[in-house]
Each structure stands twice: as C-alpha cells, then as structure tokens.
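Undergrad: how would this look folded up:
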Amino acid sequence: MKVTNTKFLRAFNSYKDITPEIIKQFHINGILIDLDDTLVPHNYPVPDESVKLWLEIINKEGIPVCIISNNQKKRMMSFIKDLNVGYFYNSFKPRTHVIDLALGVMNIRRDEAVLIGDQLFTDILAANKSGIKAFLVKPIGNKSTLFIKLKRFIERKILK
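TA: So this is what the prediction gives:
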C-alpha cells in the first residue's frame, strides 16, 4: 500500500467550511465523518454548538451523516446521545468494513459518499480504499496522543 497515492478531493480548514453548496457540487448524498480532531478536539466529551448547528444545516438538506470513529463505545455514546446521526465506533480505519456498513445503512452508493477527516493515514486512506470521496480538514486542538502527533508530522511532509 502506497500512502503517497492517497487522494482527497479538497482540503478545508474545518468541517464548518463544507457547506450544502459544496456537498451538492460534488454530488454527495451521504456524509461519513470522523470524530476526534475533526468535529471536536481529541476526547472532547460532547458536541459543541458549532457541531450541532452544522449537523442541523446538513440535516435540513436531507443528507444523512454518520460519525465513524476509531474510538471506543463509551466515548462515542457520550458524544452522540443528543444528536440525530448514525455512528460506528471501533471502526479500525483505515480498514473499510465499517464504511461498507455505513453506506448500506445510509442506502447510498460509493460515488454518492464522502468521508471527512483530519488524518491521511486513517480517514483519507480508508476513503481511498473504499472508493469514496474524501475531504481533508485541519485537525482541531492539540491534545492528541504521541502516536497521532508522530503521524501528523509525517503527514505534513507528504502534503508539502
């Protein structure tokens, strides 16, 4: 597997920059999105108001959203309890099994889906392996684990 072949359609500063207009431009009918460092800082326990507002805007467009995280069940359940979204935890990205499940649950084709995430080696690689679109966002916060910080260092070298 060559990580240097990792592709994404567009890079954004934040998930908040991904508007309904952009979603329509890329013919997206379903969004898969990472949790930690994509929607909120690492291990932030609940969605903040900007997450809720963005999800509300996307929901009004009739576009389903599914949060896909490598995190544990307890972490995911505390975050999504008041949200109207699909979710999968312990997804083991860049493995693609959960992406396949999410597409089935959302009843969308691969060419209609996008995965939004902050890491090349997990989120973007999983999208590429699954044959779905990928949007890369800048990570939120700086409380990641040492392992993630090392991956980010390597990712910065690749993105240059």
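
Undergrad: can you find the helix or strand in the protein with the smallest mean pLDDT?
TA: helix 146-159 (a mean of 62; mean pLDDT, DSSP states H and E).

Undergrad: number of nearby residues for residue 90?
TA: Counted by other C-beta atoms under 10 Å, the residues lying close to residue 90 total 12. Every residue, glycine included, has its C-beta placed from N, CA and C.

Undergrad: in three-state terms, label residue 115 for me.
TA: With DSSP: H, G, I helix; E, B strand; the rest coil as the basis, residue 115 sits in strand.

Undergrad: how about the helices in this structure?
TA: Ranges of helices in the chain, per DSSP state H, are 20-25, 49-60, 73-80, 97-106, 125-130, 146-159.

Undergrad: among the ones you listed, which is the most enclosed?
TA: Highest mean neighbour count among the helices of the chain (mean count of other C-beta atoms under 10 Å): helix 125-130, with a mean of 23.

Undergrad: as TSV, the helices of the chain with distance to residue 39 would be great.
TA: Output for the helices of the chain, formatted as TSV (distance: least, C-beta to C-beta, whole Å):
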stretch	distance to residue 39
helix 20-25	16
helix 49-60	5
helix 73-80	8
helix 97-106	16
helix 125-130	16
helix 146-159	15
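
Undergrad: which of these comes out lowest on mean pLDDT?
TA: Sorting the helices of the chain by mean pLDDT places helix 146-159 lowest, at a mean of 62.
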